[in-house]
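A.B. asks: Here's my sequence, what's the structure:
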Amino acid sequence: SSDVVRSVGDSVQLDMQDTVPEFDDLSWIFNGGNNVLKYKMETNKAKQYPGYEDRVEINEGTYSLTLKNLQKADSGLYEARTSGFNVKVVAKYRLSVLGVNLKDTEPPSKL
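C.D. replies: Residues are numbered from 1 along each chain as shown. Okay, here's the model as predicted:
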């Protein structure tokens, strides 16, 4: 996997790292178990999963994933898997999101 580092609020684009075979579905998966986005070749439609609505986009030409408005909770392993005749992992990234989420900050106490 490739290591990628970004700051809270940034965007990141995750590209394919391997040849993409013919496929029925392409899924971007977070930490091995949570779907981020699924792209269906038959309909050319992408489904965004809860927590990622309006924050993820897929490039329909390259199948790269863009994840916007990053939060610390987005840190982890991202995999792109194609499924058709067989399943193939075509990209794997470890994303680290650094910084402070706005909701984590508290106003300084008055002394």
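A.B. asks: pretty sure residue 59 is touching residue 66, no?
C.D. replies: Yes - if you go by CB atoms under 8 Å, residue 59 and residue 66 touch, sitting 7.4 Å apart. C-beta: built from backbone N, CA, C; applies to glycine.
A.B. asks: Which residue ranges of this protein form strands?
C.D. replies: 2-7, 12-14, 25-30, 34-40, 45-48, 56-58, 65-67, 76-83, 87-98 (DSSP state E).
A.B. asks: for the fifth one, packing partners?
C.D. replies: In this case it means strand 45-48. The helices and strands touching strand 45-48, judged by 3 or more CB pairs under 8 Å, 6 or more residues apart in numbering; DSSP states H and E, are strand 34-40, strand 56-58.
A.B. asks: Any chance you could list what contacts the shortest one?
C.D. replies: Which is strand 56-58. For strand 56-58, contacts defined as CB atoms under 8 Å, 6 or more residues apart in numbering pick out 26, 28, 36-37, 39, 46, 48, 64-68.
A.B. asks: hmm, try it at 6 Å
C.D. replies: With contact meaning CB atoms under 6 Å, 6 or more residues apart in numbering, strand 56-58 is reached by 36-37, 39, 46, 48, 65-67.
A.B. asks: which of those count as buried?
C.D. replies: 36-37, 39, 46, 48, 65, 67 (16 or more other CB atoms under 10 Å).
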